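Enquirer: Sequence first, then the predicted structure, then my questions.
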Amino acid sequence: MTNIVDLVNMDLTNLQREKVASLIERIGSEYEYEIVPVKVEDYSKPLSCFPNVEKKVCLDGGSIYYGWKVHFGNYIAEAERHAVWMNDDDELICITPTEKKEKSIIFIPDNRPVDNKEQIDNIRLNITGRAIVDFWISLCCIYRCITGHLYRRYRSNCIGDCGPV
């Protein structure tokens, strides 16, 4: 795996490095973060990293590498489950289009397998110290719990193996 942590440290502010370190701790990753280049494939679709990388592996070899993509907003730092492509030289490359068309992403490796049928909530950290942001983060968690429960219930009823939930 590429180890460019020294280069990464030049790109992030002290606050961002501190929040990324907190996200790494919350995730339980044994790896440091990396700056991963974005090289979008023609067939790649936004918000579809898992199928995008699976297709890349089928077409070009290499392997899928799981982790978390880090976003910074005005109020929160957020990590979302993500997949990148690892080529035969062990270089990580993000092939999924980003919302802001970034040339690179902050990536926390966490190569524990992902069940694509399970919804995994993002991990959010308040970067302002304001209580209202903590409240909003709590609401996001509650929303995900409700929608995740409804999604599991829908799948159970469609599959027919669990009966009423």
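Expert: Ah, there it is.
Enquirer: measure His82 to Arg144 for me?
Expert: Relative to Arg144, His82 is positioned 17 Å away (criterion: Cβ to Cβ, to the nearest Å). Yep, even glycine has a C-beta here, placed from its N, CA and C like the rest.
Enquirer: quick one, which of those two is more surrounded?
Expert: His82 (22 against 15; other Cβ atoms under 10 Å).
Enquirer: Give me the secondary structure label for the more buried one.
Expert: When classified by DSSP: H, G, I helix; E, B strand; the rest coil, His82 comes out as strand.
Enquirer: So it sits against Ser48, correct?
Expert: No: between His82 and Ser48 there is no contact under Cβ atoms under 8 Å: 11.0 Å.
Enquirer: Pull up the overlap in contacts between these two.
Expert: Here His82 and Ser48 have Thr96 as joint contacts, going by Cβ atoms under 8 Å, 6 or more residues apart in numbering.
Enquirer: Buried residues of stretch 107-124, list them for me.
Expert: For stretch 107-124, the neighbour count (16 or more other Cβ atoms under 10 Å) marks 107-111, 114, 122-124 as buried.
Enquirer: which two from those end up farthest apart in space?
Expert: Asn111 and Arg124 (22.3 Å; Cβ to Cβ).
Enquirer: so which of the buried residues of stretch 107-124 comes closest to Lys100?
Expert: Taking the buried residues of stretch 107-124 together and measuring to Lys100 by Cβ to Cβ, the closest member is Phe107, at 15.6 Å.
Enquirer: and that closest one, what pLDDT?
Expert: Reading off the confidence values, Phe107 has pLDDT 97.
Enquirer: In space, what's closest to it - neighbours in sequence excluded?
Expert: Leaving aside its sequence neighbours, Phe107 sits nearest to Val36 (Cβ to Cβ, 6 or more residues apart in numbering; 4.3 Å).
Enquirer: quick check, the one you found in a helix?
Expert: No: counting by three-state DSSP, Val36 falls outside a helix, being strand.
Enquirer: what sits against it?
Expert: Val36 touches 84, 92-94, 104-107, counting by Cβ under 8 Å, 6+ apart.
Enquirer: Give me the domain ranges for the protein.
Expert: 5-127, 129-165 (automatic domain parsing).
Enquirer: Quick check: the two most widely separated of the contacts of Val36?
Expert: Spatial extent of the contacts of Val36 (Cβ to Cβ) is set by the pair Ile93 and Ile106 at 14.4 Å.
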